[in-house]
Structures are given as C-alpha cells and as structure tokens.
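Trainee: only geometry, no sequence info:
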C-alpha cells in the first residue's frame, strides 16, 4: 500500500509547538537529592557569571560552572552528576 504525496505532507497550520509544558519542565523546581523534595532551583547571576543550585527547603547550595548556552535543565543535570560523584565517593584518578 502506497500513500500519495498529498497524504504524506503535514500542513504547517496543523503543527503545534508545546511550549507551556516544556517551559515548566525546563525551569523547575527540581528534585533535591538531599531533602528529597521538589524545591531545588537553579539561580544564575549573569552579571558575575555565577550559577548555583539552591534548595529552599534544606538550604543546599551548590556552585556550578557558568556556560552561556546552557538552559536550567542542563545545569540541573550537571548538578546531579556532581552530587552522585560526591555522594558515592567516585574520584577521578590520574
């Protein structure tokens, strides 16, 4: 069974971009590994080029490396990687 060219094309008027759900997921709040609640936020000071992961509930504050192309979810993933390394005792050996 072969579909004609007309059936394969998707009209551009029927394409939706789901921005509301994506923005909510990207901007947080995120899961805090210390207190196990969704109260962690990514705070950025663009003037001084500093970024922190900070929890409102338990007071956890973690400095992160600033990268101008990162979104908050990217910083959160970097934070989770660093937290896992620190909490599981994974140390790079040279």
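Mentor: Structure received. All figures in this text were calculated on a predicted structure; none of them were measured in a lab. Residues are numbered from 1 along each chain as shown.

Trainee: hang on, residue 32 in a strand?
Mentor: No - under DSSP: H, G, I helix; E, B strand; the rest coil, residue 32 sits outside any strand and is assigned coil.

Trainee: So in that sheet, which strands flank the helix or strand harbouring residue 51, and in what orientation?
Mentor: Assigned by DSSP states H and E, residue 51 belongs to strand 50-55. Strand pairing for strand 50-55, determined by DSSP bridges: strand 40-45 (antiparallel), strand 61-64 (antiparallel).

Trainee: Mind listing what's buried along the first one?
Mentor: Same thing as strand 40-45. Across strand 40-45, burial judged by 16 or more other C-beta atoms under 10 Å covers 40-42. C-betas here are computed from N, CA, C, even on glycine.

Trainee: just the shortest one next, same as before
Mentor: Residues of strand 61-64 classed as buried by neighbour count (16+ other C-beta under 10 Å): 62, 64.

Trainee: SS state for the residue nearest to residue 49 when sequence neighbours are not counted?
Mentor: Using C-beta to C-beta, 6 or more residues apart in numbering and skipping residues adjacent in sequence, the residue nearest residue 49 is residue 66, 4.4 Å away. Here residue 66 is recorded as coil under three-state DSSP.

Trainee: So residue 66 versus residue 78, what's the distance?
Mentor: 11 Å (C-beta to C-beta, to the nearest Å).

Trainee: got it, and residue 50?
Mentor: Computed as C-beta to C-beta, the residue 50 to residue 78 distance reads 14 Å.
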